[in-house]
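Peer 1: sequence unknown, structure follows:
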């Protein structure tokens, strides 16, 4: 059974940094494109960033560009999200997601087959 397990969330002050991790099991991780989404209270889940299987391409939402960085270590079956210069509006549950690699660019929620359980990020002002 495929599992994606996130970790690294927490409560920080505005301007601080966090590093989220998502470790996959029961999949050949190197064949999967990975992404991070987030969902704030009362809002829909939204795209944050994504990375292709070989790390050749990354994609970011405008709201996090320049502050967040996605990376991966295929040897460790893990994708990371470095969150810098955090703002109160970054408060959300962060989810990692994965799908078998494909040539076309599709960053929609429906594209991703596998999801983690989420990790909470809270930013105080």
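Peer 2: Received, thanks. Remember, predicted model here, so these are calculated numbers, not experimental data.

Peer 1: got a list of what residue 114 touches?
Peer 2: 2, 4, 24, 27, 97, 98, 99 (C-beta atoms under 8 Å, 6 or more residues apart in numbering). The C-beta positions use only the backbone N, C-alpha and C, and glycine is treated the same way.

Peer 1: tell me what it is bridged to.
Peer 2: Per DSSP bridges, the residues bridged to residue 114 are residue 98.

Peer 1: related to what we said a few turns ago, and which of the contacts of residue 114 is nearest to residue 60?
Peer 2: Nearest to residue 60, judged by C-beta to C-beta, of the contacts of residue 114 is residue 97 at 15.0 Å.

Peer 1: okay, now the closest residue to residue 67 other than its chain neighbours: neighbour count?
Peer 2: Leaving aside its chain neighbours, residue 67 sits nearest to residue 85 (4.7 Å; criterion: C-beta to C-beta, 6 or more residues apart in numbering). Residues lying near residue 85 (other C-beta atoms under 10 Å) number 13.

Peer 1: didn't residue 124 look like it was pressed against residue 13?
Peer 2: Yes: if you go by C-beta atoms under 8 Å, residue 124 and residue 13 touch, sitting 5.4 Å apart.

Peer 1: and the residue nearest to residue 67, what helix or strand is that in?
Peer 2: Residue 85 is part of no helix or strand when elements are defined by DSSP states H and E.
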